[in-house]
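Give me a 3D structure for the following:
(chains A and B)
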Amino acid sequence: MLFCSISFMVFFVVLLCIYWALPWQRARVWLLVAASFYFYATWNKWLAVLLCISTFVDYLLALGMEKASTARKRKLFLCMSLFANLGLLCYFKYTNFFLLSLDEILIAMGAPSWFRSLRVIIPIGISFYTFEAINYMVDVYQGRIRAERNFVDFLLFILFFPHLVSGPIVRARDFLPQIKRPKHCDWVRLHLGLQYFLMGLFKKLAIADRMALFADPVFDHALDHPTSTVWIAMFAYAMQVYCDFSGYTDMAIGTAHMLGYKLAENFNMPYLAANISEFWNRWHISLSSWLRDYLFIPLGGSRGSEWKTRRNLLITMTLCGLWHGAAWPFVGFGFLQGWLLILHRAFHRWCRSRPRLDAALRSQLGTAFRIAFTFVCFCLSLVIFRSSSFSSAFDMYRRLLTAAPTVEQVLPDSLLVLAPKVEPPPVFGFWLTAGIMLAGHLLGRSGIWIRPALRLPAPMLGFSYAVLFGLALLLEPQGAKPFIYFQF
Amino acid sequence: MPNLFLTSASKGKRVALWTLIGIVASQLALSIYLDQRRLETRDPLYGHRLNHLRQRLAESPHSPLFLILGSSRVKYSIRPDAMKLQGLANSPQPIVYNFGINGLGTIRALMHFRRLLADGIQPQWLLVEIWPPLWAEAGFFREARMVQSEDDLHWRDLLLLCRYFRNDRALLHLALQKCLTPLRSYRDVLLALSVESLLSPEKLREIKQKVQDTLPTDRGGWFPLPWELTTPEEKHKAWLDGDEKIKPLLQPVRIDPRSDAALRELLSECRQHHIKAALILLPEPSWTRGWYTTESHAVVRTYLTRLYHDYPVPIVDARTWVADDDFSDSSHMATKGVSAFSERLGREVVQPLIEGRPLQPHVLFADEERK
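Okay, here's the model as predicted:
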């Protein structure tokens, strides 16, 4: 059930009506647990059961950890939990990746093929809820929070459907107290939630899915297209991945608000970041901060020598790439991000000793240049992220940087008929959509639209939301695509 | 961080309410607008045919209408313009119009008949094709499948669909979705009308082709067969196709209660609206006729006898009227045979029906009762 599907909207409206009609807070919690279980079970009921079992194990381990009398026992409970959570994640998500990689190495060394891929269904959102369970266990271990006594509350923390499949990755210390807090139907929050939801819906349907029309055919067959089309496809994918994920997050935050819960913001206009370090503070904030708190800092963070910091950055970002998907291009993407962060640190230090250059770069023009440069660098690195293999990424780079002839120009017509090219739509649509996104960013940053919007009478504001909803439906290309981050 | 704003609770409540009203009202208004004003946009298959028929009727407003309803076999085989009809004394020449639609079985025939009545088309005569493979509501010609793939459903179809396909939740879900969210269901055609460049070239070609396919090339609504098969290899392939899709539906012939009920409902409505109805079994090549077993013949005979008993309308049997050479495949006539067949149909069936004369016995289905 996708957030942007009619079936979800019907599900949510019915749930919302029943939820606020219930006079008891505990009944609402139970209802949310049941609705979240149903939401997940629409994909696969057995995996929903497995998720509940794994949550129950974490619940027991956390209680055991709290009651443990010695530090050693506490550590043992933590290790058991980490082993169980990461074990499930590795089994479902990475087993085939490691087996096939090992098989490829053996074949390259001349040995026969030994391994067969396992028939494993990857549970949707496993990377997200695994990280949530880990942050809970680590926080209990470090004494930042107390272990949750009520299993239903703990189940809701993991299962809460707005963040279940694609985040944002919520922290137990932020979410668990919200469950206990008495709630009443608040129209201010409902209105805010509606704004978030509609904005997310528009981003997903009208921008992300539309941009996919320009990116998909080109990424699938880069050599069939001229250089200008490949550049457009690259930028289109950058906008697609951002609007897809931030659109999902907005819808998640919006639905949570309407139910009386607050989820953390996950994006802060990352494409307006002036350097790569700032970019990662604005992009997928809940993951970046999780990696910082539970990986980078435990590794030593930036406390040691510069070399150790660089090593920690590289390890963190490479694992960040692997978190995104069980494929070498994702690892390569993460590794590249690590290097970009290292280079930025080095450049930043180098600039400090050159005040005139530093001042020039901090001027308005310099900032605009840095924003553009950061955006292009990230877009170029996304080519690896989007490509199915390094060789297809290489094809894309070759096409981006050289004006080599296209397949059409090389192959005779008779062969072209055998493999007809999928053409992207006219480029007008790209510029129109990119213009809408840019305008949205600029308006959002300046906030100049808020005062006139506040003055609008309720019917006009309501109708403008209806128009936004209508435009999202109208501009959506045929059939909503699944969210990109579902696969992670 | 998105730059959103908070309002007071009372304003928030009103905004949420107006949003809901705006969404529901806009979808409803668009749905009604498409149904009433842009039917050809919503449902090109039906809308363009209706517009064409209306144009034809507007040319001679006082002429009575002789409508022929049926599947692709009607669409490609009956050419009204080739019928040499003679007008009646003191009355304008009737307009004979072929309203054949691909895969039209009895339920869809009823649906389209009702749509036509609701759109102000009042035929004086109605000739409806009956074809045993379409009675089973199974296999390739299953109407639930045809409704999903061929028709764009209107509000007014919903009740009928609910009665005939009440167990087919996917179909009802689709029908409701198309009616309730027209902006989503018809976005491609709406974009094609407004901002073509937002569509992919393939999608645009597909939409234009669909429109092209629904525009009759002939004044009487006839379409030339788009897949004329001439070589022995092509014909053999078509035979194999018929063997796979048609033969299983004839051995044995099964009559789904829904198909029977729809045909009876259609005939009842004709009676109610004083429309003179007739049924026709269209030509079949010898090999297709050979697929009927003795039991199949018996089932068809018993069914049509019972039907004639309940609704005494003429049942024309034209199954052997066309030679095998004039067929393109196991069910469709090749274009070269169409004129001769249409002329004979006009002479022996349409003309007598218009004149109110009884049909010749050799034209009629030889049921037990009449024997």
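
OK, contacts around A:Y40?
A:47-48, A:51, A:124, A:159, A:161, A:164-165 (Cβ atoms under 8 Å, 6 or more residues apart in numbering or on different chains). Backbone N, C-alpha and C define where each C-beta goes, glycine included.

now do 10 Å
A:1, A:47-49, A:51-52, A:123-125, A:129, A:159, A:161, A:164-165 (Cβ atoms under 10 Å, 6 or more residues apart in numbering or on different chains).

Kindly report the same for A:Y91.
A:118, A:120, A:126 are the contacts of A:Y91 under Cβ under 10 Å, 6+ apart.

what's the distance between the last one and A:G325?
The one in question is A:I126. 12 Å (Cβ to Cβ, to the nearest Å).

Next to chain A, which bits of the stretch 51-200 of chain B? Give me the list.
B:173, B:176-177, B:180-188, B:190-191, B:194-200 (Cβ under 10 Å from any Cβ of the partner chain).

same thing but 6 Å
Taking Cβ under 6 Å from any Cβ of the partner chain as the contact definition, the stretch 51-200 of chain B meets chain A at B:183-184, B:187, B:197-198, B:200.

Highest neighbour count among the residues you listed?
Counting neighbours by other Cβ atoms under 10 Å in any protein chain shown, the top entry in those is B:L198, with 23 neighbours.

How about that one, nearest residue that isn't a chain neighbour?
Closest residue to B:L198 apart from its sequence neighbours, by Cβ to Cβ, 6 or more residues apart in numbering or on different chains: A:G429 at 4.7 Å.

Break down chain B into its strands, ranges please.
B:65-70, B:95-100, B:125-129, B:276-281, B:315-317 (DSSP state E).

now for the third one, which elements pack on it?
Translated: strand B:125-129. Strand B:125-129 sits against strand B:65-70, strand B:276-281, with contacts defined as 3 or more Cβ pairs under 6 Å, 6 or more residues apart in numbering or on different chains; DSSP states H and E.

quick one: the residue nearest the centre of chain B from B:I68, how far?
By Cα atoms, centre = their mean, the mean C-alpha position of chain B lies nearest to B:I101, the distance being 3.6 Å. Using Cβ to Cβ, B:I101 is found at 11 Å from B:I68.

what residues does chain A put near chain B?
Chain A comes close to chain B at residues A:187-188, A:190-191, A:194-195, A:213, A:265, A:268, A:423, A:425-426, A:428-429, A:444, A:447, A:450, A:454, A:458-459, A:461-463, A:465-466, A:469-470, A:473-474, as judged by Cβ under 6 Å from any Cβ.

check contacts around A:T309.
A:S302 (Cβ atoms under 6 Å, 6 or more residues apart in numbering or on different chains).

what's the following helix or strand after the helix or strand harbouring it?
Under the criterion DSSP states H and E, the helix or strand holding A:T309 is helix A:306-324. The C-terminal neighbour of helix A:306-324 among helices and strands, as given by DSSP H and E, is helix A:328-352.

I'd like to check the angle between that next one and helix A:306-324, please.
Counting by axes from the mean of the first three to the mean of the last three Cα atoms, to 10 degrees, helix A:328-352 lies at 150 degrees to helix A:306-324.

And whatever helix or strand comes next after helix A:328-352, what's buried?
Reading on from helix A:328-352 to the C-terminus, the next helix or strand found by DSSP H and E is helix A:355-362. Across helix A:355-362, burial judged by 16 or more other Cβ atoms under 10 Å in any protein chain shown covers A:L361.

List the contacts of the least confident helix or strand in chain B by mean pLDDT.
Lowest by mean pLDDT, DSSP states H and E among the helices and strands of chain B is helix B:143-150, with a mean of 77. Contact with helix B:143-150 is made by B:102-103, B:105, B:107-108, B:137, B:165, B:168, B:171, as judged by Cβ under 6 Å, 6+ apart.

Adding distance to B:R79, write these out as a markdown table.
Formatted as a markdown table, the contacts of helix B:143-150 follow (distance: Cβ to Cβ, whole Å):
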| residue | distance to B:R79 |
| --- | --- |
| B:N102 | 17 |
| B:G103 | 20 |
| B:G105 | 23 |
| B:I107 | 26 |
| B:R108 | 22 |
| B:E137 | 30 |
| B:F165 | 33 |
| B:D168 | 35 |
| B:L171 | 33 |
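
Now for those: which two are most distant?
When Cβ to Cβ is used, the two most widely separated members of the contacts of helix B:143-150 are B:N102 and B:D168, lying 19.6 Å apart.

Next, the residue of the stretch 151-300 of chain A found nearest chain B: secondary structure please.
Per Cβ to the nearest Cβ, A:H191 is where the stretch 151-300 of chain A lies closest to chain B, at 3.3 Å. Of the three states, A:H191 takes helix under DSSP: H, G, I helix; E, B strand; the rest coil.
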